[in-house]
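*Asks:* pasting a predicted model and its sequence here:
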Amino acid sequence: MSSEVARACALLAGAERVVVFTGAGVSAESGVPTFRGPGGLWKTFRPEQLATPEAFARDPRLVWEWYGWRRDLVAACRPNLAHVALARWMLCRSGVTLVTQNVDDLHERGAAEAALGLLREGRLRAAGARSPDADPEACRAAARDAAAVVPPVRLHGSLFHVRCTRCGERREHRGAVDASAEATLPRCVACGGLLRPDVVWFGEPLPERALEAAFAAAAAAQACLVIGTAGAVQPAAALVDEAAGAGAAVVVVDPGETAYDGMAEVRLLGAAGEVVPAILGGSGA
Ligand code: OAD
């Protein structure tokens, strides 16, 4: 174990409260494109045409076509070792708040995988899952329940949720979206209004409750683990400044430069799928 990995392990294990802040890089090894690096979404697509309320008002079909493509892409991806190791660690200890900027669902699916592993090892108990091998379906259901105990705080919304542009109703939506014409776009079951992806677009405020929960966790944390974010988008990016300002030790996992390098107590220059299991897997989790 390198001395930097050992320092990160010690800082995280010694902290009673930890805030974990993730960005697109944590899902990169699953095959989800990041935004700004080589191959990043904002290198190929123009945000002002696809990710603003004005773009949606101008051409909802085009915007839905792009989000439909991203939903299909993410649905075909699997959580990687970083998602699973992080969830396993969270399921095995208390005091961790996970805050993500990502709109994919890989933290949740990684948590279900981690919970399944822990149930099989007899390290997690859940109703109906005493003998996982005898009843694999009950075990998977119990794992999903256990995983729901460690949901991420989502700052930028979710690809798999929609919001009505008329009545504001929000709900999960995982089915295929037919964006071949404006008339086939998804509609609200309550009022018939046009549905939009429940994600935060440029120029829009972040969800208030999530923002408050995230910054409260940052202010109370003794350690802040930052994984795979350049730290370029406010106000989410200020979460790490909040934690550092309140005295948290900052650990950054990223193969590239980030806005946080100057304030990091430990910088681990590597891919999340390798580094995260190395720093979190050795704690008995
Ligand atoms: P970026 O694309 O800005 O940054 C991705 C970061 O991940 C970079 O620092 C990369 O070096 C790093 N990275 C790449 N591969 C990695 C790997 N295998 N392991 C670990 N890190 C890796 O993405 P975000 O910082 O997430 O907002 O972008 C923030 C926000 O900008 C997004 O939530 C999105 C976007 O516009 C909205 O859509 C509102």
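*Replies:* Alright, I've got the coordinates. Keep in mind it's a predicted model, so treat the numbers as computed, not measured. Numbers count the residues shown, from 1 in each chain.
*Asks:* can you give me the helices for the stretch 1-150 of the chain?
*Replies:* Shown for the stretch 1-150 of the chain, the helices assigned by DSSP state H, counting those that start in this stretch span residues 3-14, 41-44, 47-50, 53-58, 60-75, 81-92, 106-120, 136-147.
*Asks:* the fourth one - contacts with which helices or strands?
*Replies:* Read that as helix 53-58. helix 47-50, helix 60-75 (3 or more Cβ pairs under 8 Å, 6 or more residues apart in numbering; DSSP states H and E). Placement of C-beta: from N, CA and C, glycine included.
*Asks:* just the angle between the longest one and helix 106-120, please?
*Replies:* I take that to be helix 60-75. Counting by axes from the mean of the first three to the mean of the last three Cα atoms, to 10 degrees, helix 60-75 lies at 30 degrees to helix 106-120.
*Asks:* shift numbering so it begins at 128
*Replies:* With the count now opening at 128, the last piece we talked about shows up as helix 187-202.
*Asks:* run a quick neighbour tally on the closest residue to residue 172 other than its chain neighbours.
*Replies:* In this structure, residue 172 finds its nearest non-sequential neighbour in residue 193, 7.0 Å apart by Cβ to Cβ, 6 or more residues apart in numbering. By other Cβ atoms under 10 Å, the residues close to residue 193 number 18.
*Asks:* chain neighbours aside, what residue packs nearest to residue 358?
*Replies:* Counting by Cβ to Cβ, 6+ apart, the residue nearest residue 358 is residue 386, at 3.2 Å.
*Asks:* one more: residue 152?
*Replies:* residue 355 (2.1 Å).
*Asks:* quick one: contacts for that neighbour?
*Replies:* By Cβ atoms under 8 Å, 6 or more residues apart in numbering, residue 355 lies in contact with 149-155, 161, 209, 380-381, 399.
*Asks:* let me see the backbone angles for it.
*Replies:* The phi/psi pair for residue 355 (degrees, to the nearest 10) reads phi 70, psi 40.
*Asks:* residue 307 now?
*Replies:* Dihedral angles (degrees, to the nearest 10) for residue 307: phi -70, psi -20.
*Asks:* how near is it to residue 249?
*Replies:* Using Cβ to Cβ, to the nearest Å, residue 307 is found at 50 Å from residue 249.
*Asks:* near the ligand, which residues of the stretch 278-412 of the chain?
*Replies:* 283, 327, 355-357, 359-360, 381-383, 385, 398-399 (Cβ under 6 Å from any ligand atom).
*Asks:* low-scoring stretches of the stretch 228-377 of the chain, by residue?
*Replies:* 253-261 (pLDDT under 70).
*Asks:* give the buried residues for stretch 365-382.
*Replies:* For stretch 365-382, burial by neighbour count (16 or more other Cβ atoms under 10 Å) applies to 366-371, 375-382.
*Asks:* sorry, slip of the keys, the one I care about is stretch 182-199.
*Replies:* Under 16+ other Cβ under 10 Å, the buried positions of stretch 182-199 are 182-183, 187-188, 190-195, 197-198.
*Asks:* could those go into CSV alongside distance to residue 390 and pLDDT?
*Replies:* Formatted as CSV, these follow (distance: Cβ to Cβ, whole Å; pLDDT from 0 to 100):
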residue, distance to residue 390, pLDDT
182, 35, 96
183, 36, 97
187, 41, 97
188, 43, 97
190, 36, 97
191, 39, 97
192, 40, 96
193, 35, 96
194, 34, 97
195, 39, 96
197, 32, 97
198, 35, 97
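*Asks:* ok, back up a step: in strands only, show me the contacts of residue 355.
*Replies:* Cross-referencing the contacts of residue 355 against strands under DSSP state E gives 149, 380.
*Asks:* ok, and the most crowded of the contacts of residue 355?
*Replies:* residue 153 (33 neighbours).
*Asks:* domain ranges for the chain, per the record?
*Replies:* Annotated domains of the chain cover 130-158+205-232+333-408, 174-194+286-326 [automatic domain parsing].
*Asks:* out of those, deepest packed?
*Replies:* Highest mean neighbour count among the domains of the chain (mean count of other Cβ atoms under 10 Å): domain 130-158+205-232+333-408, with a mean of 21.
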